[in-house]
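J.: have a look at this fold, sequence not included:
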């Protein structure tokens, strides 16, 4: 991403001492940045569970001041420091909508339905039965490559 995009994405952290380093880390080109949009049933909570706590070091819940991560969470498996914790996940639907608008044009987002998705829910009892996954056309292959390696 550009420096301007990273600064806008992390604007709420601007006053924090690590902010300049975070922006540099995101924009220095030394590591790939793959942006994705996930949509589904309870996606914020489920996504953050998959991602893990901000501090990847507290996988066993030793520090009561840290959010506990599963030892199999992405951050627990693949990162070694809080400042470079490999993945960002929106913490609310409001922040997700703001972040999606920063990173994507509406024309880059499309709806994709798994073939068996609707068989998993009884639409009469689940208001989320019409949920779907939304992927960026250009990132669908990239996200597979990242997960396959």
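T.: That came through fine. Fair warning: this is a prediction, and the values are worked out from it, not measured in the lab.
J.: the helix ranked longest in the chain packs against which elements?
T.: Counting by DSSP state H, the longest helix found in the chain is helix 93-103. On a contact count with 3 or more C-beta pairs under 8 Å, 6 or more residues apart in numbering; DSSP states H and E, helix 93-103 meets helix 3-9. Placement of C-beta: from N, CA and C, glycine included.
J.: so what touches the helix it packs on?
T.: The set of residues external to helix 3-9 that reach it, using C-beta atoms under 8 Å, 6 or more residues apart in numbering, is 1, 14, 22, 23, 26, 27, 99, 102, 103.
J.: what residues does the longest helix of the chain touch?
T.: By C-beta under 8 Å, 6+ apart, the surrounding residues in contact with helix 93-103 are 1, 5, 8, 9, 35, 37, 44, 90, 109.
J.: partners of the last one in the sheet?
T.: Read that as residue 109. residue 136 (DSSP bridges).
J.: do you know the pLDDT at it?
T.: As predicted, residue 109 sits at a pLDDT of 86.
J.: how far away is it from residue 100?
T.: As judged by C-beta to C-beta, to the nearest Å, residue 109 and residue 100 stand 8 Å apart.
J.: am I right that residue 44 sits in a helix?
T.: Yes. Per DSSP: H, G, I helix; E, B strand; the rest coil, residue 44 lies within a helix segment.
J.: output the below-cut-off pLDDT ranges for this protein.
T.: Across the chain, the ranges flagged by pLDDT under 70 are 57-69, 112-149.
J.: circling back to that earlier point, between residue 109 and residue 100, tell me which one has more neighbours.
T.: Each of residue 109 and residue 100 has its neighbours counted (other C-beta atoms under 10 Å); residue 100 has more, 19 against 14.
J.: so how far is residue 38 from the more buried one?
T.: Taken as C-beta to C-beta, the span from residue 100 to residue 38 is 10 Å.
J.: residue 17 too?
T.: In terms of C-beta to C-beta, residue 17 sits 31 Å off from residue 38.
J.: whichever of the contacts of helix 93-103 end up buried, select them in ChimeraX.
T.: The ChimeraX command for the buried members of those (criterion: 16 or more other C-beta atoms under 10 Å) is given here:
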select :5,9,35,37,44,90
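J.: now, among the contacts of helix 93-103, which is nearest to residue 72?
T.: residue 44 (19.3 Å; C-beta to C-beta).
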